[in-house]
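Asks: Let me see the structure of the following:
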Amino acid sequence: MLKAVVIILVGAGLGALMGHFGKCSSGSCPLTANPYRGAAWGAFLALIIAYPMIIRAFSKPLPASPNVIHVDTEEDFNAAIAQGVCLVDFYADWCGPCRALSPTINQIADTYQDRAKVLKINVDKFPGLARQYNAGSIPTVIILKDGAEIARMVGARPASSYTEILDQALAE
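Replies: Numbers count the residues shown, from 1 in each chain. Prediction:
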């Protein structure tokens, strides 16, 4: 991200220099009419160059807790949810609310590491599971007990929303 900012600033600086030293007699040249216009155009052109870097910076997956289970196949998922209490987070790496919810899911995984399983399912990698569990909007968090759904929450919520349901399911 810092590289992208530097590229934009350099572009604006070069555009301003071009506007200052470039001589446009009519004043209609976009880059050389004046330093301010040159800086604006330079920053705009640099933004186009830096755009892929900016997108990559925001789409990097967040670090997960070692207690979060990332499944490799649908069979692994079905085996993981077959017994016990499971919290399943349907997410995508590009989803802002999913990224905001990720630290909460990690915290829950660490808190309930011996009592409940916490799984994260990337809907881009497992669209079949997303359809099967009707996770059309993300983030969708489903709490299962012995493979049966007992609660569903769509959207990012505070940790207490999930822990209350987990505590009830574990007490039964």
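Asks: just the CA coordinates of stretch 74-94, formatted as CSV?
Replies: C-alpha atoms of stretch 74-94 as CSV (Å, rounded to 0.1, in the frame of the first residue of the first chain):
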residue,chain,number,x,y,z
GLU,A,74,-16.5,-31.2,1.0
GLU,A,75,-16.0,-34.7,2.4
ASP,A,76,-13.7,-33.2,5.1
PHE,A,77,-16.4,-30.6,5.9
ASN,A,78,-19.1,-33.2,6.2
ALA,A,79,-16.8,-35.3,8.5
ALA,A,80,-16.0,-32.3,10.7
ILE,A,81,-19.6,-31.3,11.3
ALA,A,82,-21.0,-34.8,11.8
GLN,A,83,-20.4,-34.8,15.6
GLY,A,84,-20.4,-32.1,18.2
VAL,A,85,-21.0,-28.4,18.1
CYS,A,86,-19.6,-26.5,15.1
LEU,A,87,-19.6,-22.8,14.1
VAL,A,88,-19.2,-22.5,10.3
ASP,A,89,-18.3,-19.1,8.9
PHE,A,90,-19.1,-18.7,5.1
TYR,A,91,-16.8,-15.9,3.9
ALA,A,92,-14.8,-14.5,0.9
ASP,A,93,-11.4,-12.9,0.9
TRP,A,94,-12.7,-9.9,-1.0
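Asks: Outline the domain layout of this protein.
Replies: Following automatic domain parsing, one gets these domains for the chain: 2-59, 68-171.
Asks: so is residue 93 in a helix, a strand, or just coil?
Replies: Recorded secondary structure, residue 93: coil (DSSP: H, G, I helix; E, B strand; the rest coil).
Asks: hang on, I meant residue 72
Replies: Quick answer, by three-state DSSP: residue 72 is coil.
Asks: Confirm residue 38 sits in a strand?
Replies: No: per three-state DSSP, residue 38 lies outside any strand segment and is helix.
Asks: And for it, the neighbour number?
Replies: Applying other CB atoms under 10 Å, we find 26 residues neighbouring residue 38. (C-beta placed from N, C-alpha, C; glycine too.)
Asks: I'd assumed residue 15 was in contact with it.
Replies: Yes: contact criterion CB atoms under 8 Å: residue 38 and residue 15 qualify, at 4.0 Å.
Asks: hang on, the earlier thing: how about TSV for the domains of the chain, with mean pLDDT added?
Replies: Shown next, in TSV, are those (pLDDT from 0 to 100):
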stretch	mean pLDDT
domain 2-59	68
domain 68-171	90
